[in-house]
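Colleague: okay, sequence plus prediction incoming.
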Amino acid sequence: MTTFPADDPDKAAFTGILPAAPKPYVLGNGEGEKSLVFDQLFTILASGDETDDQYGCWTMKARLGDRIPAHRHFKTHEFFYVVDGEITVWMDDESDYHSRTTLVTGDFAFVPANIVHAFKIENTTTVFGAGTAGFERFFHAIGQPTDLTEPQGVYIPDFPVMRAAGEKYWTQFMPEFQFRD
């Protein structure tokens, strides 16, 4: 079980936005649990609470930006589906798989657990993502709650906040990692 209790601080600020149980619901354009992480707007559309702890899904909207730090998720498989725009994704299994791929509208990338990865937004982009249940609120743990509907501004979490979020959501940040371009 990867879901967290209702009073978890990564959930409590968003109480009432999602149903917190597996029952039907509809979200309008721009609705969901939203956090600004760096210069990216993450909107959680479904969490482990709504999916019987099966998966979580979100959107990420961003403008042209810097590459986010290399990292790996120990328990989370995730994917990137480019709804609109362009994003470069780096993946490395620290053995024989090394890739740098620029995804454009309609492209898809799968990142299994334990694969070191990073991404860079190449222009204004919207990505639909999903991953192992529970991980979706990682974005709240390192981000700032917001009611924005488009990305604007920058929120840079302190490294202790990032480290704590990483520990809670089984993620290791690897800023020194060198991808083979």
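Modeller: Structure received.

Colleague: what residues does the helix or strand harbouring residue 61 touch?
Modeller: Per DSSP states H and E: residue 61 is located in strand 55-62. Outside of strand 55-62, the residues within contact range by C-beta atoms under 8 Å, 6 or more residues apart in numbering are 32, 39-48, 83, 121, 124-137, 139, 150-151. In this view, the C-beta of every residue, glycine as well, is placed from N, C-alpha and C.

Colleague: in helices, which of these fall?
Modeller: residue 139 (DSSP state H).

Colleague: quick one, which of the contacts of strand 55-62 are buried?
Modeller: Among those, those classed as buried by 16 or more other C-beta atoms under 10 Å are 32, 39-48, 121, 125-127, 129-137, 139, 151.

Colleague: can you tell me which of the residues you listed are in strands?
Modeller: Judged by DSSP state E, strands contain the following of those: 40-46, 121, 125-127, 129-132.

Colleague: between those residues, which is nearest residue 75?
Modeller: residue 132 (6.0 Å; C-beta to C-beta).

Colleague: all helices of the protein, in order?
Modeller: Secondary structure of the chain (DSSP H): helices located at 9-12, 138-142, 159-168.

Colleague: packing partners for the longest one?
Modeller: The helices and strands touching helix 159-168, judged by 3 or more C-beta pairs under 8 Å, 6 or more residues apart in numbering; DSSP states H and E, are helix 138-142, strand 171-173.

Colleague: contacts for the first one next, please.
Modeller: Applying C-beta under 8 Å, 6+ apart, the set of residues contacting helix 138-142 from outside is 10-11, 13-14, 33, 35, 37, 42, 44, 58, 157, 161-162, 164-165, 168-169, 171.

Colleague: switch to 7 Å and redo it
Modeller: Residues from elsewhere that reach helix 138-142 (C-beta atoms under 7 Å, 6 or more residues apart in numbering): 10, 33, 35, 37, 42, 58, 157, 161-162, 165, 168-169, 171.

Colleague: now these: which count as buried?
Modeller: 10, 33, 35, 37, 42, 58, 157, 162, 165, 168, 169, 171.

Colleague: ok, so of those, who is nearest residue 109?
Modeller: Comparing these against residue 109 with C-beta to C-beta places residue 58 closest, at 15.3 Å.

Colleague: which of the helices and strands packed on helix 159-168 sits most buried?
Modeller: Among the helices and strands packed on helix 159-168, ranked by average contacts under mean count of other C-beta atoms under 10 Å, first place goes to helix 138-142 (a mean of 24).

Colleague: convert the C-alpha atoms of that one to PDB, please.
Modeller: Listed in PDB are the C-alpha atoms of helix 138-142, where the atom choice follows Å, rounded to 0.1, in the frame of the first residue of the first chain:
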ATOM      1  CA  PHE A 138       5.800  14.000  -4.700                       C
ATOM      2  CA  PHE A 139       5.100  17.100  -6.800                       C
ATOM      3  CA  HIS A 140       3.200  18.600  -3.800                       C
ATOM      4  CA  ALA A 141       6.000  17.600  -1.400                       C
ATOM      5  CA  ILE A 142       8.600  19.600  -3.300                       C
END
